[in-house]
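J.: This is a predicted model, with the sequence first.
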Amino acid sequence: MNESLNIISLPRLAVGLIPALIAIAIMLRWALNAKTGLYAITRMLLQLLVIGYFLAFIFETEQSAIVVLVLAVMLGAACWISMRPVVDRQPQLYLHAFIAISLGGVATLVLVTGFVLEIRPWLSPRHVIPLAGMIFASSMNAVSLAAERLEAEFRTGKSYDEAKGTALNAALIPIINSLFAVGLVSLPGMMTGQILSGTSPLVAARYQIVVMCMLFGASGISAAIYLALGRANSMR
């Protein structure tokens, strides 16, 4: 099977919006806040169109400095967003999040791109940026859940040693659920995209195995580093 994926024309893309518009109509019929759903869809369309043009430009560049800058911005955004659920957002917590996501995420990214996929050159934007996005997002979510749970455990009077285990377990619930569900409940986006583009399901499965392992590893490492750095907060 070597057929290439069909390009979706704008008219067919409009057809793809029909289920979303039906959901909006149902919200209106039931007197719900349809404006939120409509705003979310509109924002999604604009964001994806903008990022599409942006990535098209980035993928054509041969300058490593631009790729590094993009990765730095992604890390900074991930660090900032990860602290959103925390009530007491002290400056050092942002630093802890940045260190945790950087160490866990970047180390995993280097391992996968350099030694598993053997991407050459290593800073190839077409490969590094999408993979970095998946890894950093997974690390961000894990750190966010760990930070929120650690703070909650401290408020109940738990010691650091008691709180860190509970927080790490909570942080890994989403990715562990994904590991259980993959292949049974869901076919992840990367695997589905490869199959639709004509890649053999066996080859796509290997790539998805790498993806799931890198997400689990990055999440666990980043959350553990954040919690290790959070020992000082238990002394308050």
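T.: Noted; the coordinates are in hand.
J.: Output the below-cut-off pLDDT ranges for this protein.
T.: For the chain, the stretches flagged by pLDDT under 70 are 1-6, 232-236.
J.: And the residue nearest the centre of it?
T.: Centroid check for the chain by C-alpha atoms, centre = their mean gives residue 137 as the closest residue, at 2.5 Å.
J.: Just the element for the residue lying closest to it once chain neighbours are set aside, please.
T.: Leaving aside its chain neighbours, residue 137 sits nearest to residue 78 (6.9 Å; criterion: C-beta to C-beta, 6 or more residues apart in numbering). In short, each C-beta sits where N, CA and C put it, glycine included. Counting by DSSP states H and E, the element that carries residue 78 is helix 64-82.
J.: How far away from the center of its chain is that helix?
T.: 13 Å (C-alpha atoms, centre = their mean, to the nearest Å).
J.: how about that helix: buried residues?
T.: For helix 64-82, burial by neighbour count (16 or more other C-beta atoms under 10 Å) applies to 67, 70, 71, 74, 75, 78, 79, 82.
J.: I'd say residue 140 and residue 82 touch.
T.: Yes: under the criterion of C-beta atoms under 8 Å, residue 140 makes contact with residue 82 at 4.7 Å.
J.: Mind listing the shared neighbours of the two?
T.: Common contact partners of residue 140 and residue 82 (C-beta atoms under 8 Å, 6 or more residues apart in numbering): residue 101.
J.: Next, format the buried residues of helix 64-82 as CSV and append distance to residue 37.
T.: Below are the buried residues of helix 64-82 laid out as CSV (distance: C-beta to C-beta, whole Å):
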residue, distance to residue 37
67, 36
70, 31
71, 33
74, 28
75, 31
78, 26
79, 30
82, 26
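J.: care to break this structure down by domain?
T.: 1-60, 63-235 (automatic domain parsing).
J.: Point out the most buried one among those.
T.: Comparing the domains of the chain by mean neighbour count (mean count of other C-beta atoms under 10 Å), domain 63-235 ranks first with a mean of 18.
J.: any idea how far stretch 54-69 is from the chain center?
T.: The answer for stretch 54-69 is 20 Å, by C-alpha atoms, centre = their mean.
J.: And the helices in this protein?
T.: In the chain, the helices defined using DSSP state H lie at 10-16, 18-29, 34-60, 64-82, 91-101, 107-111, 125-155, 160-181, 189-196, 201-229.
J.: which residues make contact with the first one from outside it?
T.: Okay, so that is helix 10-16. With contact meaning C-beta under 8 Å, 6+ apart, helix 10-16 is reached by residue 8.
J.: one step back: quick one: which of the helices of the chain is nearest residue 118?
T.: Ranking these by proximity to residue 118 (C-beta to C-beta) places helix 125-155 first, at 10.4 Å.
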